[in-house]
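Undergrad: just need the structure, nothing else, for what follows:
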Amino acid sequence: MVKICCIGAGYVGGPTMAMIALKCPEIEVVVVDISVSRINAWNSDRLPIFEPGLEEVVRLCRGKNLFFSSDVEKHVAEAEIVFVSVNTPTKTRGLGAGKAADLTYWESAARMIADVSKSDKIVVEKSTVPVKTAEAIEKILTHNNKGIHFQILSNPEFLAEGTAIEDLEKPDRVLIGGRETAEGQKAVAALKAVYAHWVPEDRIITMNLWSAELSKLAANAFLAQRISSVNAMSALCEATGADVAEVAYAVGKDSRIGPRFLNSSVGFGGSCFQKDILNLVYICECNGLSDVANYWKQVVHINDYQKSRFVNRVVSSMFNTVSGKKIAVLGFAFKKDTGDTRETAAIDVCHGLLGDRAQLSIYDPQVTEDQIRRDLAMNKFDWDHPQHLVPSSPTASKQISVVWDAYEATKNAHGVCILTEWDEFKNLDYDKIYENMEKPAFVFDGRNVVDAEKLRKIGFIVYSVGKPLDPWIKDLPAAPSS
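TA: Numbers count the residues shown, from 1 in each chain. This next block holds a predicted model:
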């Protein structure tokens, strides 16, 4: 029986290995992690991550050919193929701080693999890593090899949270990058054979290592660029009376552009987009390509601008102060159908409102109070470092309450900010919400989920990103002066 081991039981490692186990019953798949509590969660009825369809896949395979263990060294030593899916956070200090990827966890994983291996192995980069990481890993493995041979492959993931199981089952493409040597191509063929159990051959693309590594960063940069492009247009739409949804629909009808990733919002979030663009910026700077670096920096700049603009709309609409006012925050995850809060726009919006001394009442159907409080107490980029290395949050700000019901969150509130596009927010009883709010009652829709005209008829003053402005808001300042 072929044995695969994956180091890292997170958002990528867990679902990817579960799908391999489901589609390849003759392969034994073990997911290992140094976090005992995370492994215990994978072995329980309440998985550590929420992803539609994941629970069913794990239930079908766990205990048969899918296992979760904290005995990292044993399973790495026994495996023929080792996937490495550890965090590659943005560096918070030292050379490249705020841009470069921190490869500390990757390096220690590579050293451990070299240390415990007793047989030849294929080592697969699954984490998003800077171009040329494979070369560095190769050096660590070959200098510590004790006569054992390692082949490094790059197999970047292209999962979207909320549809990860679907993406794994029917991927647009699977990329495998390897060395252009006989041994390298043999390793590529071995990994290709695993995916070929369920992925059509024309969707498994093989290439050199560096192309595979760069393809992942490029894909995320292009997707984020589309969101920043439509968000830049949303500011112009508000200034001119155009409707960003109509503009995006017209643009998306062009078959060269297509309709996806053209929804205007309060800003993109998630673990990849900002991190990967900053990484791309750093790589460009290191290679003397400052103009290219500046081009990609603007994608992140527009995203930050959009969040500032949203906070500014809230404060200026409410008589230029939210001090002491209760603001309901509906949604904290970075998008619907996930409990993930990494780089969520809600963090910056909440910080902006807290800075003006607002009282926040936060509700999200999938995010725990502990997670929300931790996120709001963290420094930038700390989210991607292990929890035990991050200072614990103070007994949370008195300005924040976290509730488990949208009606409780909005009761006696002056304003409502919708920051995640959960379906339930479209169908709330807004008559009831209006009745229980302070007047004038404001709704700031950062995801364009509500019917603004319907809400205006109830009595709300409504702001929707990129839509024609409510008469109340029209003559107020639109954007931060910086």
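Undergrad: what segments of the stretch 51-200 of the chain are helices?
TA: For the stretch 51-200 of the chain, the helices defined by DSSP state H, counting those that start in this stretch occupy 54-61, 72-78, 104-116, 133-143, 164-169, 182-195.
Undergrad: Ala218 - how many residues pack around it?
TA: For Ala218, the count of nearby residues is 13 (other Cβ atoms under 10 Å). From N, CA and C alone the C-beta is placed, and that goes for glycine too.
Undergrad: that one: what's it in contact with?
TA: By Cβ atoms under 8 Å, 6 or more residues apart in numbering, the contact list for Ala218 reads Leu280.
Undergrad: what about the nearest residue to Val58 once chain neighbours are set aside, is that helix, strand or coil?
TA: Leaving aside its chain neighbours, Val58 sits nearest to Ala18 (5.2 Å; criterion: Cβ to Cβ, 6 or more residues apart in numbering). Using DSSP: H, G, I helix; E, B strand; the rest coil, the structure places Ala18 in helix.
Undergrad: ditto for the one 10 residues further on
TA: Three-state assignment for Glu28 (three-state DSSP): strand.
Undergrad: ok, it to Leu141 distance?
TA: Here the criterion is Cβ to Cβ, to the nearest Å. By it, Glu28 lies 23 Å from Leu141.
Undergrad: okay, the helices of the stretch 51-200 of the chain in TSV with mean pLDDT, mean neighbour count and distance to Asn40 next?
TA: Shown next, in TSV, are the helices of the stretch 51-200 of the chain (pLDDT from 0 to 100; neighbours: other Cβ atoms under 10 Å; distance: least, Cβ to Cβ, whole Å):
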stretch	mean pLDDT	mean neighbour count	distance to Asn40
helix 54-61	96	17	14
helix 72-78	96	18	15
helix 104-116	90	18	21
helix 133-143	82	17	29
helix 164-169	96	20	22
helix 182-195	97	17	28
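Undergrad: out of those, which gets nearest to Ser228?
TA: Closest approach to Ser228 among these (Cβ to Cβ): helix 164-169, 22.8 Å.
Undergrad: contacts for the closest one?
TA: Residues contacting helix 164-169 (Cβ under 8 Å, 6+ apart): 11, 15-16, 19, 51-54, 57, 158-160, 198.
Undergrad: what are the phi and psi angles of the residue nearest to Leu236 when sequence neighbours are not counted?
TA: Closest residue to Leu236 apart from its sequence neighbours, by Cβ to Cβ, 6+ apart: Ala242 at 7.3 Å. Reported as degrees, to the nearest 10, the phi and psi values for Ala242 are phi -80, psi 170.
Undergrad: before we move on, back to that, so for Val2, which of the helices of the stretch 51-200 of the chain sits nearest?
TA: With Cβ to Cβ as the criterion, Val2 lies closest to helix 182-195 of the helices of the stretch 51-200 of the chain, at 8.0 Å.
Undergrad: report the central residue of this protein.
TA: Centrality entry for the chain: nearest residue to the mean C-alpha point is Gly270, 2.2 Å, by Cα atoms, centre = their mean.
Undergrad: which element, helix or strand, includes the residue lying closest to Leu66 once chain neighbours are set aside?
TA: Take Leu66 and drop its neighbours on the chain: the residue closest to it by Cβ to Cβ, 6+ apart is Ala21, 3.7 Å away. In the assignment (DSSP states H and E), Ala21 maps to helix 13-23.
Undergrad: how far does that helix sit from the chain's center?
TA: 19 Å (Cα atoms, centre = their mean, to the nearest Å).
Undergrad: kindly calculate the angle that it makes with helix 54-61.
TA: Using axes from the mean of the first three to the mean of the last three Cα atoms, to 10 degrees, one finds that helix 13-23 and helix 54-61 are set 50 degrees apart in direction.
Undergrad: buried set for helix 13-23?
TA: Buried positions in helix 13-23, judged by neighbour count with 16 or more other Cβ atoms under 10 Å: 13-23.
Undergrad: any chance of the residues you listed in a markdown table, plus distance to Asp172 and pLDDT?
TA: Shown next, in a markdown table, are the buried residues of helix 13-23 (distance: Cβ to Cβ, whole Å; pLDDT from 0 to 100):
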| residue | distance to Asp172 | pLDDT |
| --- | --- | --- |
| Gly13 | 20 | 95 |
| Gly14 | 21 | 96 |
| Pro15 | 16 | 96 |
| Thr16 | 15 | 97 |
| Met17 | 20 | 97 |
| Ala18 | 20 | 98 |
| Met19 | 15 | 98 |
| Ile20 | 18 | 98 |
| Ala21 | 22 | 98 |
| Leu22 | 19 | 98 |
| Lys23 | 17 | 98 |
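Undergrad: tell me which of these is nearest to Leu469?
TA: Distances from Leu469 to the buried residues of helix 13-23, taken by Cβ to Cβ, are shortest for Pro15, at 41.6 Å.
Undergrad: what sits closest to the closest one if chain neighbours are left out?
TA: Ala164 (4.9 Å).
Undergrad: hmm, back to that, go ahead and name everything in contact with the helix holding Ala21.
TA: Residues outside helix 13-23 that contact it (Cβ under 8 Å, 6+ apart): 4, 6-7, 27, 29, 31, 33, 42, 47-49, 51, 54, 57-58, 60-61, 64-66, 83, 85, 126, 157, 159, 164-165, 168-169, 194, 197-198.
Undergrad: repeat for stretch 449-460
TA: 418, 421, 425-426, 430-431, 434, 439, 441-443, 445, 462, 464, 467, 470.
Undergrad: give me the buried entries from the residues you listed.
TA: 418, 421, 425, 430, 434, 441-443, 445, 462, 464, 467, 470.
Undergrad: run through who's touching stretch 429-440.
TA: Applying Cβ under 8 Å, 6+ apart, the set of residues contacting stretch 429-440 is 325-326, 406-407, 410-414, 416, 441, 450, 454-455, 458-461, 472.
Undergrad: ok, stretch 183-192 next?
TA: Applying Cβ under 8 Å, 6+ apart, the set of residues contacting stretch 183-192 is 81, 122, 124, 149, 151, 153, 155, 176, 178-179, 204, 206.
Undergrad: quick one: it to chain centroid distance?
TA: Going by Cα atoms, centre = their mean, where stretch 183-192 is centred and where its chain is centred differ by 30 Å.
Undergrad: now do stretch 168-188
TA: Distance, centroid of stretch 168-188 to centroid of chain: 24 Å (Cα atoms, centre = their mean).
Undergrad: in a helix, Tyr434, correct?
TA: Yes. Per three-state DSSP, Tyr434 lies within a helix segment.
Undergrad: what count of nearby residues applies to the closest residue to it other than its chain neighbours?
TA: Distances taken as Cβ to Cβ, 6+ apart place Ile458 nearest to Tyr434, at 5.0 Å, with adjacent residues excluded. Using other Cβ under 10 Å, Ile458 has 15 other residues around it.
Undergrad: list of residues touching stretch 83-98?
TA: 4-8, 10, 12-13, 16-17, 99-103, 105-106, 109-110, 113, 123-130, 155, 275, 278-279, 282, 379, 381-386.
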